[in-house]
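Visitor: My questions are about this predicted structure, shown below with the sequence.
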Amino acid sequence: MKGNVIKYERDNIDTDVIIPGQYLKVHDYAELALHAMEGLDPDFHSKVKDGDFILSGRNFGCGSSREHAPIALSHSGIKAVLALSFARIFYRNAVDGAFLLPIEIEEDAYSDISEGDEIDIDIHTNEIKNLTKNKTYKMKPFSEIIGKIIEAGGLFKYKPD
Amino acid sequence: MNITEKILARASGRQRVAPDDVIFANVDKVMIHDVSGPGVIKVFDKLKKQGINVDKLWDPTKVWVAEDHFVPSADKVSAENIVKLSNFTKNYGIEKHFKYGMGQYGICHTLSHEEALVLPGEVYVGGDSHTNTTGALGSFACGLGHTDVAYVLLNGKIWFKVPETLYFKLNGKLPEHVMAKDFILKIIGDISTEGGAYKTMQFGGSGIDEMSVESRLTLCNMTTEAGAKNGIVEPDQKVIDYLTSRGAKNISLVNGDNDAEYEKIYEYEGSEMEPIVAKPFSPENISIVRETSSVELDKSYIGSCTGAKYEDLEAAARILKGRKVKIRTEVLPASISIYKRAMENGLLKIFLDAGVTIGPPTCGACCGAHMGVLAKDEICISTTNRNFPGRMGHVDSQTYLSSPLVAAASAVTGKITDPRDLN
């Protein structure tokens, strides 16, 4: 899975900036996408392209349980968020709803990958290739259940053993 | 096993569970509200298109519905969401729907205890992150998103990874001017907003034994801000009395074993606790109130599931009795039952005499949705739970989180104020 990176070099990007509370009443996915990241980066909507990735620091998606957050990002075209760590409900929502891939990375990838770099994520080998910088990083493998839900295409398609 | 492990073992039909086990837990109670409800309806619509049967819920008697985020309806879209929610509960035969303008209604997490909707030992999930609140009754209470809640509504179960447990022990009572809110802010300041991530935060010790059920609810409520899966307190006679007085029957307690294991134990001395605020823009950004007393305020907000229970209003009234507010101050009781008790016991008169505006139960401004949001550069002291950029309104507004005592004392002076420093 190849795409370009939009980088937010900070920790604790919370759901209030991913999709502000005033839009919680909105359940039209395309409309939510118009307001994605509005609380942090008002230019996000104009710069994001289909297939892009977000790269960020620790505790991405902390705060509310609003599924609007992964929905707004996913319907903006974001296919994966790479972060040093994720808040639990954002992580679950992203996977169970099959909206986007939450990829846990290490410090090397976080510091090395720059805004605009083209990267290639392989969730089978757990490798991230930076095609712009010609480097490779490890991603943290998904736990067994998360891997199975992703492979199934979301919680409703997953058949427990 | 500790209490969380015992509840999850029972719910998954196992003798034992241990941290990191992945289980499917049978769910006892489910909550949706006017944000997650329409979200679930949207998931149901998607599932229908995929040929998945959504004609019936697994058990509508175990589901209850709150109208809290956008009531009174903020605009046409939120009014339509309430209509959608009403149609949903009618079509699926859900009887416990607490409607705005029809007697008891309020913030979902407040109804869970005010109406004794959740009992000790139960697995309770809700379409809201602060579902953790209800763990104060000795239940496993956990917030989920729309897809997960939709899954529970149709299947009656959901997957969990059994969490590690952090144990927070409070030795001795908190001083009179210190509330549970100060204690939980202190903890979040110590462990950070990621410090409880994916874990259980359990509270115990003599200081917790001494605490009212409502104070324990405040503690568990803000475990969400530390990233926790659930917050929990071992239930005792106080919980039984609290729930019995609200009509609960057949209460049986689940408690941890004597050899229960915890990942880490943190100890606090009650007598050393101080009034605390969390400064913008994170609940972990804490400071002792007396060290921030130069901050001038535009508004004081006493509301939300965190800070508008009866005990919270009573604390605010103790300060505001016979005094006048110097800045805009709002009190929004968290449910109609609390509103009514506040009226019967004279609290509302105290607030009105002090110059406070009293609003209806709503999540409204706490999540920056409506009903008193902040303008650019406005500074608010608030009994709510989050202060991220834009949380209560404009992205350049500022929120300081505090206890109701501090919010009320600050309302009187117009500056952040330790209740001990009021004349």
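Guide: Sure thing, it's come through.

Visitor: Next one, pLDDT for residue 88 please.
Guide: Since no chain was named, I'll use chain A. Looking at residue A:88, its pLDDT is 97.

Visitor: Chain B was what I was after
Guide: What the model reports for residue B:88 is a pLDDT of 98.

Visitor: Apart from its neighbours in sequence, what residue is nearest it?
Guide: Spatially, and ignoring its direct neighbours in sequence, residue B:88 is nearest to residue B:41 (5.7 Å; C-beta to C-beta, 6 or more residues apart in numbering or on different chains). Using the backbone N, CA and C atoms, a C-beta is placed for each residue, glycine as well.

Visitor: since we're on residue A:130, how many residues are nearby?
Guide: If you count neighbours by other C-beta atoms under 10 Å in any protein chain shown, residue A:130 ends up with 18.

Visitor: Please apply the same query to residue B:50.
Guide: Residue B:50: 11 surrounding residues under other C-beta under 10 Å.

Visitor: which residues touch it?
Guide: Neighbour list for residue B:50: residue A:156 [criterion: C-beta atoms under 8 Å, 6 or more residues apart in numbering or on different chains].

Visitor: quick one: the residue lying farthest from the centre of chain B from residue B:58, how far?
Guide: For chain B, the residue at maximal distance from the C-alpha centroid (C-alpha atoms, centre = their mean) is residue B:51, at 36.6 Å. Distance, residue B:51 to residue B:58, using C-beta to C-beta, to the nearest Å: 19 Å.

Visitor: Double-check residue B:227 against residue B:195; I have them as touching.
Guide: Yes. Residue B:227 is within contact range of residue B:195, at 7.1 Å (criterion: C-beta atoms under 8 Å).

Visitor: which bits of the stretch 151-300 of chain B sit near chain A?
Guide: B:151, B:159, B:161, B:193-194, B:197-198, B:227, B:229, B:282 (C-beta under 8 Å from any C-beta of the partner chain).

Visitor: can you list these in CSV and add neighbour count?
Guide: Shown next, in CSV, are those (neighbours: other C-beta atoms under 10 Å in any protein chain shown):
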residue, neighbour count
B:151, 27
B:159, 19
B:161, 18
B:193, 27
B:194, 19
B:197, 21
B:198, 17
B:227, 26
B:229, 27
B:282, 22
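
Visitor: how many neighbours does the closest residue to residue A:140 other than its chain neighbours have?
Guide: Closest residue to residue A:140 apart from its sequence neighbours, by C-beta to C-beta, 6+ apart: residue A:104 at 3.9 Å. Applying other C-beta under 10 Å, we find 17 residues neighbouring residue A:104.

Visitor: Which secondary structure element is home to residue A:104?
Guide: Following DSSP states H and E, one finds residue A:104 within strand A:101-104.

Visitor: Packing partners of the helix or strand just after that strand?
Guide: With elements assigned by DSSP H and E, the helix or strand that comes after strand A:101-104 is helix A:107-112. In terms of contacts (3 or more C-beta pairs under 8 Å, 6 or more residues apart in numbering or on different chains; DSSP states H and E), helix A:107-112 is packed against strand A:135-138.

Visitor: Pull the residues that contact the strand it packs on.
Guide: Applying C-beta under 8 Å, 6+ apart, the contact partners of strand A:135-138 are A:105-106, A:108-109, A:112-113, A:126-130.

Visitor: Please tell me which one of those counts the most neighbours.
Guide: Per-residue neighbour counts (other C-beta under 10 Å) across those peak at residue A:128, which has 26 neighbours.

Visitor: So what does that residue have for phi and psi?
Guide: Note on residue A:128: its backbone torsions stand at phi -120, psi 120 [degrees, to the nearest 10].

Visitor: likewise residue A:95?
Guide: The phi/psi pair for residue A:95 (degrees, to the nearest 10) reads phi -80, psi -50.

Visitor: From what I see, residue B:330 and residue B:373 are in contact.
Guide: No. Residue B:330 is not in contact with residue B:373 according to C-beta under 8 Å; the separation is 11.4 Å.

Visitor: what touches both of those two?
Guide: Joint contacts of residue B:330 and residue B:373 (C-beta under 8 Å, 6+ apart) are residue B:365.

Visitor: Please list the residues outside the lengthiest strand in chain A that contact it.
Guide: If you go by DSSP state E, chain A has its longest strand at strand A:2-8. Residues from elsewhere that reach strand A:2-8 (C-beta under 8 Å, 6+ apart): A:40-41, A:44, A:47-49, A:51-57, A:79-80, A:82, A:113-121, A:131.

Visitor: Also stretch A:83-91?
Guide: For stretch A:83-91, the external contacting residues (C-beta under 8 Å, 6+ apart) are A:11, A:15, A:54-65, A:69-70, A:94, A:102-107, A:110, B:129, B:143-145, B:194, B:197-198, B:227, B:229.

Visitor: try 6 Å this time
Guide: A:56-62, A:65, A:69, A:102, A:110, B:129, B:198, B:227 (C-beta atoms under 6 Å, 6 or more residues apart in numbering or on different chains).

Visitor: Filter these down to the buried ones.
Guide: The neighbour count (16 or more other C-beta atoms under 10 Å in any protein chain shown) marks A:56-62, A:65, A:69, A:102, A:110, B:129, B:198, B:227 as buried among the contacts of stretch A:83-91.

Visitor: which of those lies closest to residue B:302?
Guide: residue B:129 (21.1 Å; C-beta to C-beta).

Visitor: circling back to that earlier point, can I get the buried ones among the contacts of stretch A:83-91 in TSV including distance to residue B:395 and pLDDT?
Guide: Shown next, in TSV, are those (distance: C-beta to C-beta, whole Å; pLDDT from 0 to 100):
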residue	distance to residue B:395	pLDDT
A:56	18	98
A:57	20	98
A:58	22	98
A:59	19	97
A:60	19	98
A:61	18	97
A:62	17	97
A:65	21	93
A:69	16	97
A:102	25	98
A:110	25	98
B:129	20	97
B:198	29	97
B:227	23	97
